[in-house]
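Participant: Below: sequence and its predicted model.
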Amino acid sequence: MQKLIACSFLSVILCIPNLILGFHSKFHRSQAMRQLSGLANGPGASHDWPTYGGTIDNQRYSALSQINRRNVRVLSVAWAFQVGFSIPATSFECTPIVVNGVMYVTSPLGDVFALRADTGERLWKFDPKVNLDTTTKLCCGVINRGVAVGGGKVYLATLDARLIALDEKTGQPIASFGDSGIVQIAGHKDGYSETSPPIFHQGMLLIGAAGGEYQTRGFFSAYDAETGKLIWRWHTIPAPGESGGSTWPDTGIYKVGGGSVWMPPAVDLQRGLVIFGTGNPNPDFDGKARTGDNLYTCSIVALDVTTGKMRWYFQQVKHDLWDYDQAAPPVLFDVYRNGKRIPAVGAAGKTGWFYILDRATGKSLIPTYEKEVPQNPAQATARTQTFLTTPPFSEHSNIFGVLDTQGALMAPGINGGSEWSPLSYSPRTGLAYIMAVEQPMLFITDSARKVPFEMTLGGDTLSPPKQMPTGAFVAVDVNTGLVRWRVATTPFPEGGTLATAGDILFAGQSDGLFIALDAETGKRLWQFQCGAGVNAPPVTYEVNGRQYVAVAAGGNSKERDLTGLAGERFFQNGGTIFVFTLPGLKSR
């Protein structure tokens, strides 16, 4: 057996219905239907931010423009709220959900708070009593990324793999849902966990499962939002005889094949598709026992949202040996080719490429080619990998290098490209906004160690010359796949972006700065120091005619371990929701 040691260089449309008079009643009816369905593939979020991606297409775009390029420079804090839980193992990555003037936020441990969205006044709190005993296995720290809201209920997925339904008015569990408000999705002692909020859609809850590093078999599920009953489940690792099963050896390893679904899906209403990314195969970094391409890992997958049957897939990396899983959630938008509009899905990969696929077929809209890669027969290396003809948005160096005892310096490395950070897309600019990570890794196998093949971070004797990891905010033209602009940051950003009809891009930095950039040019327009790493996605919403912007500031546990040179400046602990607005406005 071997041990892998990976070390880093440091180890629209503008539409605000209640402000614009004279809209035809048909518009208002269509808006209401979008709200009812969990926010359809429309012109962006408006008054509320009712689902993880703002709208169910994950664009993270808001049609609000009261805060814009001309006045954002005077943006100031309206209120702040402490969730009251922060330890070295926590990452504060919550996306606030706002519905009808109420904000729902979670602590990293999964405590749910209902707050008045205009003042921050606490309305109720729910403690899920998450089980984090010594048997709990977590890849990447103590994390909860938020809730889903729909049908008068608030839905929470927990690190110990439970799905909980609460009354949105009181915060009390719904007795008719599952077992007194709780559904056990999978066994947390078996290695399963939940790092994604569920998505509420037409009476269903859509959610994947994490735990691919711990001898689990990944899956994606749909539950009845009223009863908690499982409607369907699709496994990311096929069994022998199933479609894709021949890409695994017939040894039973598929039962522990990995393939987590880390983040929320997007939903294509017109085609009835739920689209999501899948994680790495298991064992991670060790391919000798899992010969073949290992479908459907490291892929974008589209299922029929009603039946759970697979419609199409696109595998980014075959027989992954480098942890190049698809961590960031996909986003839906339209592209134009030769005057023709094509519904598409985009995904920022840990490979550093921005994949743009035809939403109906899953075929790449960017030309690809197969290229032979370095081989290690002991690891059953895939002979070729899929390359895009467009340049990557982050550095490539020895991207599919051989893992051996001599060591291989590779980029992007295990943190990206793009890590889990959700991107945003603006239909006004035609740009997708990505958080890029530049952190080359040195991969070394140590055959002298009699332990399972695994990943260890750190160790000065095996590190390449130390340097600060860097990154950038990157804007990609979805019609060409080319980078339009790039704004460098030190170290890399992680958390997610927000685009608005005010032509602003909001994002956080790992040094605690929350910033506003010009969405067209990347020019910095405003910043605020939050005092802890802003490693969560921002949102925006409106209450009584006043626009607010909210973000969680509290750092990232995994990255704190990777940035020794950075000292205490970056990914700093905290637990504060900051909410900003323009001064001098009067609420209606």
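Facilitator: On my side now, so go ahead.
Participant: Could you list the low-pLDDT ranges of the stretch 451-588 of the chain?
Facilitator: Low-confidence regions of the stretch 451-588 of the chain, defined by pLDDT under 70, span residues 451-467, 560-568, 587-588.
Participant: Please enumerate the strands of the stretch 51-200 of the chain.
Facilitator: Per DSSP state E, counting those that start in this stretch, the stretch 51-200 of the chain carries strands over the ranges 61-62, 76-82, 90-91, 97-99, 102-106, 112-116, 122-126, 142-143, 148-150, 153-157, 162-167, 182-184, 199-201.
Participant: Which one, of these, ends up nearest to Leu295?
Facilitator: Among those, strand 199-201 comes nearest to Leu295, with 23.9 Å by C-beta to C-beta. C-beta here means a position set from N, CA and C on the backbone, and glycine is covered the same way.
Participant: Strand 153-157 and the helix or strand following that closest one, what's the angle between them?
Facilitator: Per DSSP states H and E, the first helix or strand lying C-terminal to strand 199-201 is strand 204-208. Orientation check (axes from the mean of the first three to the mean of the last three C-alpha atoms, to 10 degrees): strand 204-208 against strand 153-157 gives 20 degrees.
Participant: residues of the helix or strand just after strand 204-208 that come out buried?
Facilitator: Downstream of strand 204-208, the next assigned helix or strand under DSSP H and E is strand 219-224. Buried residues in strand 219-224, counted by 16 or more other C-beta atoms under 10 Å: 219-223.
Participant: Also stretch 222-237?
Facilitator: With burial defined by 16+ other C-beta under 10 Å, the residues of stretch 222-237 counted as buried are 222-223, 225, 228, 231-232, 234-237.
Participant: Now pLDDT too, for the residues you listed, in JSON lines please.
Facilitator: JSON lines is the format used below for the buried residues of stretch 222-237 (pLDDT from 0 to 100):
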{"residue": "Ala222", "pLDDT": "98"}
{"residue": "Tyr223", "pLDDT": "98"}
{"residue": "Ala225", "pLDDT": "98"}
{"residue": "Gly228", "pLDDT": "98"}
{"residue": "Ile231", "pLDDT": "98"}
{"residue": "Trp232", "pLDDT": "98"}
{"residue": "Trp234", "pLDDT": "98"}
{"residue": "His235", "pLDDT": "98"}
{"residue": "Thr236", "pLDDT": "98"}
{"residue": "Ile237", "pLDDT": "98"}
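Participant: can I assume Arg60 is in contact with Val331?
Facilitator: Yes. Arg60 lies in contact with Val331 (C-beta atoms under 8 Å); the separation is 7.4 Å.
Participant: list the residues that contact both of these two?
Facilitator: 53, 422-425 (C-beta atoms under 8 Å, 6 or more residues apart in numbering).
Participant: Name the residues linked to the nearest residue in space to Leu156 that is not next to it in sequence by a beta bridge.
Facilitator: Once flanking residues are discounted, Leu156 sits nearest to Ile164: 4.6 Å by C-beta to C-beta, 6 or more residues apart in numbering. According to DSSP bridges, the partner residues bridging Ile164 are Leu156, Ile182.
Participant: need the contact list for Ile164.
Facilitator: 128, 155-158, 173, 181-183.
Participant: same question, Ala519
Facilitator: Contacts for Ala519 were tallied using C-beta under 8 Å, 6+ apart; they are 426, 428-429, 431, 433, 475, 499-500, 503-505.
Participant: Rebuild these as TSV, extending it with neighbour count, secondary structure and distance to Phe528.
Facilitator: Formatted as TSV, the contacts of Ala519 follow (neighbours: other C-beta atoms under 10 Å; DSSP: H, G, I helix; E, B strand; the rest coil; distance: C-beta to C-beta, whole Å):
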residue	neighbour count	secondary structure	distance to Phe528
Ser426	28	strand	22
Arg428	21	coil	24
Thr429	20	coil	24
Leu431	25	strand	24
Tyr433	29	strand	19
Ala475	27	strand	22
Ala499	30	strand	19
Thr500	31	strand	16
Asp503	20	coil	19
Ile504	25	strand	14
Leu505	25	strand	15
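Participant: For those residues, give me TSV that also has distance to Met410.
Facilitator: TSV is the format used below for the contacts of Ala519 (distance: C-beta to C-beta, whole Å):
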residue	distance to Met410
Ser426	33
Arg428	37
Thr429	33
Leu431	29
Tyr433	26
Ala475	26
Ala499	32
Thr500	36
Asp503	37
Ile504	35
Leu505	30
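Participant: Do a quick rundown of the strands in the stretch 401-550 of the chain.
Facilitator: Using DSSP E, counting those that start in this stretch, the strands assigned to the stretch 401-550 of the chain run over residues 408-410, 424-426, 431-438, 441-446, 455-457, 470-477, 482-489, 497-500, 504-508, 513-518, 524-529, 539-543, 546-553.
Participant: Just send these back as a markdown table, with distance to Thr297 too.
Facilitator: A markdown table is the format used below for those (distance: least, C-beta to C-beta, whole Å):
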| stretch | distance to Thr297 |
| --- | --- |
| strand 408-410 | 19 |
| strand 424-426 | 26 |
| strand 431-438 | 20 |
| strand 441-446 | 19 |
| strand 455-457 | 16 |
| strand 470-477 | 25 |
| strand 482-489 | 27 |
| strand 497-500 | 26 |
| strand 504-508 | 29 |
| strand 513-518 | 34 |
| strand 524-529 | 38 |
| strand 539-543 | 31 |
| strand 546-553 | 30 |
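Participant: how about those, which one is nearest Ala380?
Facilitator: Closest among the strands of the stretch 401-550 of the chain, using C-beta to C-beta: strand 441-446, at 14.6 Å.
Participant: So for the closest one, mean pLDDT?
Facilitator: Per-residue pLDDT over strand 441-446 has a mean of 74.
Participant: Can you list the strands that that strand pairs with?
Facilitator: strand 3-8 (antiparallel), strand 408-410 (antiparallel).
Participant: Which of those strands comes out lowest on mean pLDDT?
Facilitator: Among those, strand 3-8 carries the lowest mean pLDDT, a mean of 40.
Participant: Specify the beta-bridge partners of Ile97.
Facilitator: Under DSSP bridges, the beta-bridge partners of Ile97 are Tyr104.
Participant: Could you count how many residues lie near Asp127?
Facilitator: Other residues near Asp127 come to 11 when the count uses other C-beta atoms under 10 Å.
Participant: Quick check: closest non-adjacent residue to it.
Facilitator: Looking at Asp127 with C-beta to C-beta, 6+ apart, the closest residue is Asp111, at 5.4 Å.
Participant: okay, now that neighbour: neighbour count?
Facilitator: So Asp111, with other C-beta under 10 Å, has 19 neighbours.
Participant: if we can go back for a sec, Arg60 and Val331: who's more crowded?
Facilitator: It is Arg60, of Arg60 and Val331, that has more neighbours when counted by other C-beta under 10 Å, with 32 against 26.
Participant: excluding its backbone neighbours, what's nearest Leu365?
Facilitator: Using C-beta to C-beta, 6+ apart and skipping residues adjacent in sequence, the residue nearest Leu365 is Ile356, 4.7 Å away.
Participant: my guess is that neighbour meets Gly362, correct?
Facilitator: No. Ile356 is not in contact with Gly362 according to C-beta under 8 Å; the separation is 11.3 Å.
Participant: Have a look at these two and say which one is more surrounded.
Facilitator: It is Ile356, of Ile356 and Gly362, that has more neighbours when counted by other C-beta under 10 Å, with 24 against 20.
Participant: Just say helix, strand or coil for that one.
Facilitator: Recorded secondary structure, Ile356: strand (DSSP: H, G, I helix; E, B strand; the rest coil).
Participant: For it, give me its contacts.
Facilitator: Taking C-beta under 8 Å, 6+ apart as the test, what Ile356 contacts is 335, 344-346, 364-366, 478, 481.
Participant: quick one: it and Val331, what's the gap?
Facilitator: 10 Å (C-beta to C-beta, to the nearest Å).
Participant: Find residues that contact each of those two.
Facilitator: Common neighbours of Ile356 and Val331 are listed as 345-346 (criterion: C-beta under 8 Å, 6+ apart).
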